Structures are given as structure tokens and as C-alpha cells.
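fold the following and give me the result.
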Amino acid sequence: MTGYEVAVRAAKLWPNRKHEASSVFGLLCSIGLHRWRRLDLSMLMPGKDIVHCFWCSTVKVDGVVYHI
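Below you'll find the model as predicted:
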């Protein structure tokens, strides 16, 4: 499974909070300053380090950022 496929699956499991975030947070995300949250998916996807942005739909898998 590619990193992009993992990112898409992780994004479906944990929806972003764009509707709760302010426009300032959206601006921060647009310039690459995200609020990363770690997902514990070791049972579903062993060996993958997965974090997602709490404010937008960006997911980082093993250090590679994917904008979903």
C-alpha cells in the first residue's frame, strides 16, 4: 500500500475540524504550519508513522505530507 493510499484511509478515519477552526488556523495551514495529532493505527497499519492536521485534511505518513 502506497503512502498516499494510507493517507486517504487515515483521513477517512479521523475527519478534520475545518468547520471548528478559525480563518487564522486556515491561513496557518495554507503556509504549512499545521497542528499535528498522532493517530495510533499500529493495529491497522503496522510500521507506519501517521499524523494528521487537526485543522485541515492534511495527513503525514512516515514524514511525507499528503494534502487530501
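
C-alpha from now on. contacts and neighbour counts both.
Noted.

and the strands in this protein, which stretches?
In the chain, the strands defined using DSSP state E lie at 36-38, 50-53, 58-61, 64-67.

let's have those strands in a markdown table, adding mean pLDDT.
Below are these laid out as a markdown table (pLDDT from 0 to 100):
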| stretch | mean pLDDT |
| --- | --- |
| strand 36-38 | 89 |
| strand 50-53 | 89 |
| strand 58-61 | 91 |
| strand 64-67 | 92 |
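
may I see the ones you listed arranged in TSV, with distance to residue 44 and mean neighbour count as well?
Converted to TSV, the strands of the chain look like this (distance: least, C-alpha to C-alpha, whole Å; neighbours: other C-alpha atoms under 10 Å):
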stretch	distance to residue 44	mean neighbour count
strand 36-38	14	14
strand 50-53	11	24
strand 58-61	14	23
strand 64-67	19	15
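
those strands: which one's closest to residue 9?
Closest approach to residue 9 among the strands of the chain (C-alpha to C-alpha): strand 58-61, 9.9 Å.

can you give the distance of stretch 37-44 from its chain's centre?
11 Å (C-alpha atoms, centre = their mean, to the nearest Å).

which residues does it contact?
48, 50-54 (C-alpha atoms under 8 Å, 6 or more residues apart in numbering).

can you show me the CA trace of that stretch as PDB?
Written as PDB, here are the backbone C-alpha positions of stretch 37-44 (Å, rounded to 0.1, in the frame of the first residue of the first chain):
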ATOM      1  CA  ARG A  37      -2.100  15.000  16.000                       C
ATOM      2  CA  ARG A  38      -0.800  11.400  16.200                       C
ATOM      3  CA  LEU A  39      -3.100   8.600  15.200                       C
ATOM      4  CA  ASP A  40      -2.500   5.200  16.900                       C
ATOM      5  CA  LEU A  41      -3.100   2.900  14.000                       C
ATOM      6  CA  SER A  42      -0.400   0.400  14.800                       C
ATOM      7  CA  MET A  43      -3.000  -2.400  14.800                       C
ATOM      8  CA  LEU A  44      -4.400  -1.500  11.400                       C
END
